[in-house]
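Engineer: Sequence first, then the predicted structure:
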Amino acid sequence: MSDLKDKILRNIYKGMENNMLSNDDLVQIIEQCGNFLNLQTVSDYARDHKISYNGAKNFRTKVCIFNTKFIIDND
């Protein structure tokens, strides 16, 4: 793990543990991370890029977050 990532994770943990971060704060952090990754669900990505669902699913970088598959397109 990188030092910066470790510090970020540690500070989020401490912030939640000490009631310095709210649920809304965490949602904003997650949304910002999604923006940096340019996350889209597989079906949204396929529709927006006018390709088939299977084309997106099989030939794009995908991750599973909270039991939902997303495409990462931040190249």
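Structural biologist: Yep, it's here.
Engineer: any idea whether the spatially most central residue of the chain is helix, strand or coil?
Structural biologist: By CA atoms, centre = their mean, the chain has its centre lying nearest to residue 34, at 4.0 Å. Here residue 34 is recorded as helix under DSSP: H, G, I helix; E, B strand; the rest coil.
Engineer: Any stretches of the chain with poor pLDDT?
Structural biologist: 1 (pLDDT under 70).
Engineer: now the helices for it?
Structural biologist: Here the chain has its helices, by DSSP state H, at 3-17, 23-37, 42-48, 53-59.
Engineer: Report the buried residues of the second one.
Structural biologist: So the one you mean is helix 23-37. residue 37 (16 or more other CB atoms under 10 Å). For glycine as for every other residue, the C-beta is placed from the backbone atoms N, C-alpha and C.
Engineer: residues in contact with it?
Structural biologist: Contact with helix 23-37 is made by 12, 15, 16, 70, 72, 74, as judged by CB atoms under 8 Å, 6 or more residues apart in numbering.
Engineer: Quick check on these: which are buried?
Structural biologist: Of these, these count as buried by 16+ other CB under 10 Å: 70, 72.
Engineer: sorry, back to before: for residue 65, find the nearest of the helices of the chain.
Structural biologist: helix 23-37 (8.8 Å; CB to CB).
Engineer: how far away is residue 49 from residue 27?
Structural biologist: Taking CB to CB, to the nearest Å as the measure, residue 49 falls 27 Å from residue 27.
Engineer: now residue 71, which residues is it bridged with?
Structural biologist: Counting by DSSP bridges, residue 71 is bridged to residue 40, residue 62.
Engineer: Go ahead and confirm residue 74 touches residue 40.
Structural biologist: No: counting by CB atoms under 8 Å, residue 74 does not reach residue 40; the two are 10.8 Å apart.
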